[in-house]
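**Q** Kindly return the folded structure for what I paste below:
(4 chains)
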Protein chains: 4
Amino acid sequence: MNSFGRMFRVSIFGESHGIQIGVVVDGCPAGIAFCEEDLTEDFARRRAGGRGTTPRVEPDLPRIVSGVFRGKTTGAPLTIVFENTNIQSDDYDNLWHHPRPGHADYTAQQKYNGYNDPRGGGHFSGRITLGIVAAGVLAKKFIAPATVCATLIEAGGSTDISGAVEKAIQSKDSIGGLIECCCSSLPVGLGEPFFDSVEAVIAHMIFAIPATRGIEFGSGFRAAAMKGSEHNDRIIDNRGTTATNFAAGINGGITNGNDIVFRVPIKPTSSIGIAQETYNFDHNDVETLLIEGRHDVCIALRIPVVIECGTAIALADLMLREMQRNTLSTQEK
Amino acid sequence: MNSFGRMFRVSIFGESHGIQIGVVVDGCPAGIAFCEEDLTEDFARRRAGGRGTTPRVEPDLPRIVSGVFRGKTTGAPLTIVFENTNIQSDDYDNLWHHPRPGHADYTAQQKYNGYNDPRGGGHFSGRITLGIVAAGVLAKKFIAPATVCATLIEAGGSTDISGAVEKAIQSKDSIGGLIECCCSSLPVGLGEPFFDSVEAVIAHMIFAIPATRGIEFGSGFRAAAMKGSEHNDRIIDNRGTTATNFAAGINGGITNGNDIVFRVPIKPTSSIGIAQETYNFDHNDVETLLIEGRHDVCIALRIPVVIECGTAIALADLMLREMQRNTLSTQEK
Amino acid sequence: MNSFGRMFRVSIFGESHGIQIGVVVDGCPAGIAFCEEDLTEDFARRRAGGRGTTPRVEPDLPRIVSGVFRGKTTGAPLTIVFENTNIQSDDYDNLWHHPRPGHADYTAQQKYNGYNDPRGGGHFSGRITLGIVAAGVLAKKFIAPATVCATLIEAGGSTDISGAVEKAIQSKDSIGGLIECCCSSLPVGLGEPFFDSVEAVIAHMIFAIPATRGIEFGSGFRAAAMKGSEHNDRIIDNRGTTATNFAAGINGGITNGNDIVFRVPIKPTSSIGIAQETYNFDHNDVETLLIEGRHDVCIALRIPVVIECGTAIALADLMLREMQRNTLSTQEK
Amino acid sequence: MNSFGRMFRVSIFGESHGIQIGVVVDGCPAGIAFCEEDLTEDFARRRAGGRGTTPRVEPDLPRIVSGVFRGKTTGAPLTIVFENTNIQSDDYDNLWHHPRPGHADYTAQQKYNGYNDPRGGGHFSGRITLGIVAAGVLAKKFIAPATVCATLIEAGGSTDISGAVEKAIQSKDSIGGLIECCCSSLPVGLGEPFFDSVEAVIAHMIFAIPATRGIEFGSGFRAAAMKGSEHNDRIIDNRGTTATNFAAGINGGITNGNDIVFRVPIKPTSSIGIAQETYNFDHNDVETLLIEGRHDVCIALRIPVVIECGTAIALADLMLREMQRNTLSTQEK
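**A** Take a look at the predicted model:
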């Protein structure tokens, strides 16, 4: 199902070449200042246009059509829609017969018995993540003074990211990247012991974002080779600050007040300018496929803001669930 | 909240030193053969007792108290309970004043305003995962002929696992490990495009299991340094088989019929036999803490079966959601 | 939260005088023929315009903006939006100081700390039920050959409905009504024993519709005065047909294949042409309030189609949950 | 699914003649005083034993097996179990061939393909509502100072309830009854505009209780024959008190601070001492069925406390969802 969250509930809809895409946020508290201009900065971070990103640019003009009145959230469902202006009527039958490697062409067709909209990836298009960014901007306002910040720290295995991108452009190939995300100034006590641990809720959101291949918190994969005497984070003051932060600010699934830090590898863009051999279901044979047009060479350049906003949504949901505690602790039962 | 799943819904309850722990499975289809003996093998895999695991062993005798009749599931909620026989009344006040590094002592106390049961970690105890294993054995029966298999492939950074464990025992320290899990014979079409992608649902479950620090699917973190021309899995036959499997059997969040393969790093056990300096909230100072008793040296030895069973639960839920499709496709609307 | 359903999930959004209202259906199976014209008939039933309904008519032009491709549902979230064309910028401050009796003016303001959009009732407007009708038309297609039919059987306590309406118009007052709904050709086995009994799921939906004051299934309130020997429905053939249908086609929360029949009382429209005395929070006194404009005299005239469509949504959700059973029963576990 | 609630989540399990029945409450705040003795009074209200109730009495001894420590809730899942001591191994094959009118024998068998436990109604037994009462006692503590009180106001159509019961005993028949429930001292602002209106959430719970045939809030079915000028509740003071309470304390789905009042008709017990003609699926013919043993003559005598406790659970859930608002309104966003 295309929704996320229990209290701060986000639903996304739309197709790459459909009429409109959008997002509904149900459960956002009333009284948060929010307008279209708030989206400008993060939309710019996500948008195509730079070196290594696709030259086909949508204007991404958001319309807040419900849930905001006189510049403040009302508490009713908040909806943001985007018209698709760059729609073309390409021939798409080929996608069904000769599915592109790395894309969802084959799985979508099988899952929906061939009824899915295949144009530009349809509902599987990365364009649909625009709604995650829009909802995330709102979530970031709500969780303040807590903050989330995601950045690309490597591309194609190198920290010289521009250089790696340039090389990939020359070879008509694509490259992956590594994103790091840090959440600060968090309250202690978010999350649940098992099924809704903070890691579980954040990881659920991260794998909703196309092209993510993994996630590691704090020590991450290095933990497998560590000793307990190294890995245990010693508490050093009465606010729970730890000397190290291998736990990534989480013990037993619950935030401990230190930063949540995690890293996410992004796969290389599936569409490349090089011919690929893959199965043609119409001809019952492996055939060469060349994907026309120009594409993102390194989609990882555009994903940090999506991860940042998705994480903010996850934190907003966890915070709303936990806020009753503050109210309760002042009562006598 | 301590539940997982939309259609195959698993809830776990209990505390390490409480009266009873258990699991309720709501939504399990009727007619699956299931009895206490079915749990023997996987409980043995999870149980302490081997070299490097704690010598304190609970018998783990399961009682199926509802949802099974004449040896078959009935379709009503299926409940399995375990009496806690090894309960001691240790003095636990110390845990509150001088929380153990790496444990949830501090976060639990803060989250629950000091009302949590601290004995043996209370509800945060790894013992509660017994319910995940019990529900997972049932899930494995349901998803057949699909299979899930998790194994420990490294401990303390080495593939000589026994050697690594022996060394850790000698040094009174603990070590982490790396687990690999493979799901085979899966139908095409499980999962949803974004928020309930197969990766999201599995990762959510994996991070419900204590001590997991990350997850990577297929190419995983290596994807960040790969090129599209390497990473794209070419389809080579009309059943969707791919030449490589960097996608781990998932495209656009949907299973493509190839194996789902993922790896999970496990942190070293937090309780170690070496003194640690950490904050004492009663004395307002950093003090030395020595954790008494004997503990698991490498908890990663016991976790593969928990990961295997948790994954089976996730797959059972995804399968139940998707089964209507098979019914629908034979109808005319 | 403004969503309904576990598998066929409906979310509605918008405000009476906002920019756009709409509905998102998540989980609708692929392959159902669906277009804007399908909505014409039920929208006409719901629309104002007849004697006793408000003369202020919106065109209610639906745009399916996602989830339909080449005239068939795709399986992705299906979104239908409506532009609000009849927006006026009335002075609405009065609603806050002098809340209208029977309306949500006071509760909305209290719940949302004064941030709600008060114009025309804002998100509480009956206009938002347009989304329920739109989703219900789709649901009716999905549940076929099962059918749902709701009709007004009484207004103002009389079966001469036109006469009762005419009388109310003359007295500038409003009147209530009684609606009966019948669901036929249902499969046996929908619903769950307790919390998701068929009655629970349908009643949940019915009370999502503004102005409903109760619901009774089959024998309903008469059951309180009946004897078991009268009330028990005797089965008379091998398809489970019963001689009477006091159970309304439901035993133990589960459909038995006979018709589901229920009745719903609708309160008289809250806005009336007569002056009312009620509290003015600005003046701290009870004062006379006269609601300007013309209104529905008998809102019950327009609600049958909303109840019919809401019920179809509830049945669609129950059916999708149950469809796995048909698949399972043909397997050997 | 056998769970209720979003934040205060209640799951019930067990069968009439199974090993153990019980309830899990997930999401109960920490720090509420709770012990087995708290259940005594409401269990006595629910228990059989009085004139007109079954003479077969279970001791109903509750064991709180998790979630309580040192007499206070811990915040972890709270589980209460009951051993079934009165289990007999009756021959039950007859129930499958010759289903009892008014019972779930036929629907359960069809839904679960014959795998359900039929003994004493299995999971459909009214005995399973013991868990609702247990969770409700806890909920009543949580929602205090708000209160819920349900009483039987009519049986067999008469307010002379003992007389009506006596008469039914003589005729070996059973009778229905009418229950009224009143919730007082509620905060303003609980509930949501549409799908989770207070009426929807309460009605959902009420229809989870076996034998309920309807529900009406405030004016209820009388509203269908009323005029707006009568029905509108005029506000008379600055706390929102209304002169009348036809709205039952709810406007637009949201509590307005006045009492929530509703009535629920209960059907006559299905098991009666009189022979009934109904279909025998084994013999393919209508045959006479006489149900052996002694039964409740008026199950409505025992249901008020179940309705009271169920309603408290619904209110606890609505309150927990809303508590964040109090926290938020003191913040600046």
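
**Q** Flag the shaky bits of the stretch 201-333 of chain A, pLDDT-wise.
**A** A:326-333 (pLDDT under 70).

**Q** which residues of it fall in strands?
**A** For the stretch 201-333 of chain A, applying DSSP state E, counting those that start in this stretch gives strands covering A:214-217, A:250-251, A:254-255, A:260-266, A:276-280, A:285-289.

**Q** What is the first one packed up against?
**A** It stands for strand A:214-217. Packing contacts for strand A:214-217, counted by 3 or more Cβ pairs under 8 Å, 6 or more residues apart in numbering or on different chains; DSSP states H and E, involve helix A:198-206, strand A:260-266, strand B:214-217. Any C-beta I mention is one placed from the backbone N, CA and C, and that applies to glycine too.

**Q** Roughly how far does the nearest residue in space to residue A:262 that is not next to it in sequence sit from residue B:1?
**A** Closest residue to residue A:262 apart from its sequence neighbours, by Cβ to Cβ, 6 or more residues apart in numbering or on different chains: residue A:217 at 4.8 Å. Per Cβ to Cβ, to the nearest Å, residue A:217 is found 21 Å from residue B:1.

**Q** if you count what's nearby, which of those two comes out ahead?
**A** More neighbours surround residue A:217 than the other of residue A:217 and residue B:1, with 26 against 18 (other Cβ atoms under 10 Å in any protein chain shown).

**Q** which ones are touching the more buried one?
**A** A:199, A:247, A:248, A:250, A:260, A:261, A:262, B:213, B:214 (Cβ atoms under 8 Å, 6 or more residues apart in numbering or on different chains).

**Q** mind redoing it with 6 Å?
**A** Applying Cβ atoms under 6 Å, 6 or more residues apart in numbering or on different chains to residue A:217 gives the contacts A:199, A:248, A:262, B:213.

**Q** mind listing the helices in chain A by residue range?
**A** A:40-46, A:93-97, A:105-111, A:130-143, A:161-170, A:198-206, A:228-231, A:304-329 (DSSP state H).

**Q** okay but residue A:176 is in contact with residue B:223, surely?
**A** Yes. Applying Cβ atoms under 6 Å as the test, residue A:176 and residue B:223 come out as touching, 4.7 Å apart.

**Q** what's the overlap in contacts for these two?
**A** By Cβ under 6 Å, 6+ apart, the residues touching both residue A:176 and residue B:223 are residue A:267.

**Q** So residue A:65 sits against residue C:22, correct?
**A** No. Judged on Cβ under 6 Å, residue A:65 makes no contact with residue C:22 at a distance of 7.8 Å.

**Q** quick one: which of the two has more around it?
**A** residue C:22 (29 against 23).

**Q** how about the residues of the stretch 51-200 of chain A near chain C?
**A** A:65-66, A:69, A:72, A:74-77, A:79, A:112-113, A:115-117, A:123 (Cβ under 6 Å from any Cβ of the partner chain).

**Q** Would you mind checking those for buried ones?
**A** In those, burial by neighbour count holds for A:65-66, A:69, A:72, A:74-77, A:79, A:112-113, A:115-117, A:123, counting by 16 or more other Cβ atoms under 10 Å in any protein chain shown.

**Q** And those, which two are furthest apart?
**A** The distance between the two most remote of those (Cβ to Cβ) is 44.7 Å, for A:72 and A:113.

**Q** pLDDT of stretch A:76-95, averaged?
**A** Average pLDDT, stretch A:76-95: 81.

**Q** which other residues reach that stretch?
**A** Under Cβ under 6 Å, 6+ apart, the answer for stretch A:76-95 is A:17, A:20-26, A:28, A:58, A:62-67, A:105, A:118-119, A:134, C:2, C:13, C:123.

**Q** Let's see the ChimeraX selection covering just the buried ones among the residues you listed.
**A** Those of the contacts of stretch A:76-95 that count as buried under 16+ other Cβ under 10 Å are selected in ChimeraX with:
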select /A:17,20,21,22,23,24,25,26,28,58,62,64,65,66,67,105,118,119,134 /C:2,13,123
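
**Q** Out of the contacts of stretch A:76-95, which sit inside strands?
**A** Within the contacts of stretch A:76-95, residues falling in strands by DSSP state E are A:20, A:21, A:22, A:23, A:24, A:25, A:26, A:63, A:64, A:65, A:66, C:13.

**Q** how much space is there between the fifth one and residue C:23?
**A** With distances defined as Cβ to Cβ, the gap from residue A:24 to residue C:23 amounts to 10 Å.

**Q** now the end-to-end length of stretch A:288-298.
**A** In stretch A:288-298, first residue to last residue: 23 Å (Cα to Cα, to the nearest Å).

**Q** List the contacts of it.
**A** Outside stretch A:288-298, the residues touching it (Cβ under 6 Å, 6+ apart) are A:52-55, A:98, A:155, A:165, A:168-169, A:174-175, A:269, A:271, A:275-278.

**Q** Could you give me the ChimeraX syntax to select whichever of these are buried?
**A** Filtering these down to the buried ones (16+ other Cβ under 10 Å) takes a single ChimeraX command:
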select /A:52,53,54,98,155,165,168,169,174,175,269,271,276,278
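
**Q** burial of residue A:237, as a residue count?
**A** Around residue A:237 there are 13 residues (other Cβ under 10 Å).

**Q** For the stretch 1-150 of chain A, what lies in contact range of chain B?
**A** Residues of the stretch 1-150 of chain A lying near chain B (Cβ under 6 Å from any Cβ): A:1-2, A:4, A:101-102, A:104, A:106-107, A:110-111, A:113, A:123-124.

**Q** okay if I get the residues you listed as a markdown table plus pLDDT and distance to residue A:238?
**A** Shown next, in a markdown table, are those (pLDDT from 0 to 100; distance: Cβ to Cβ, whole Å):
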| residue | pLDDT | distance to residue A:238 |
| --- | --- | --- |
| A:1 | 80 | 43 |
| A:2 | 89 | 44 |
| A:4 | 97 | 36 |
| A:101 | 95 | 55 |
| A:102 | 95 | 51 |
| A:104 | 95 | 51 |
| A:106 | 95 | 56 |
| A:107 | 96 | 52 |
| A:110 | 94 | 57 |
| A:111 | 95 | 53 |
| A:113 | 93 | 60 |
| A:123 | 94 | 50 |
| A:124 | 94 | 49 |
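
**Q** which pair in these spans the largest distance?
**A** The most distant members of the residues of the stretch 1-150 of chain A next to chain B, if one measures by Cβ to Cβ, are A:4 and A:101, lying 28.6 Å apart.

**Q** Looking at the two, which is more packed in?
**A** residue A:101 (27 against 24).

**Q** wait, what's in contact with the more buried one?
**A** Here residue A:101 is in contact with A:276, A:278, B:232, B:233, B:234 (Cβ under 6 Å, 6+ apart).

**Q** Quick check, the third one in contact with residue A:99.
**A** No. Shown here, residue B:232 and residue A:99 do not form a contact pair, counting by Cβ under 6 Å, at 11.1 Å.

**Q** OK, now which residue of the stretch 101-250 of chain A is nearest to chain B?
**A** residue A:104 (2.5 Å; Cβ to the nearest Cβ).

**Q** Can you tell me how far the residue lying closest to that residue once chain neighbours are set aside is from residue B:112?
**A** Among residues not flanking residue A:104 along the chain, residue B:252 sits closest, at 2.5 Å (Cβ to Cβ, 6+ apart). Separation of residue B:252 from residue B:112 (Cβ to Cβ) stands at 40 Å.
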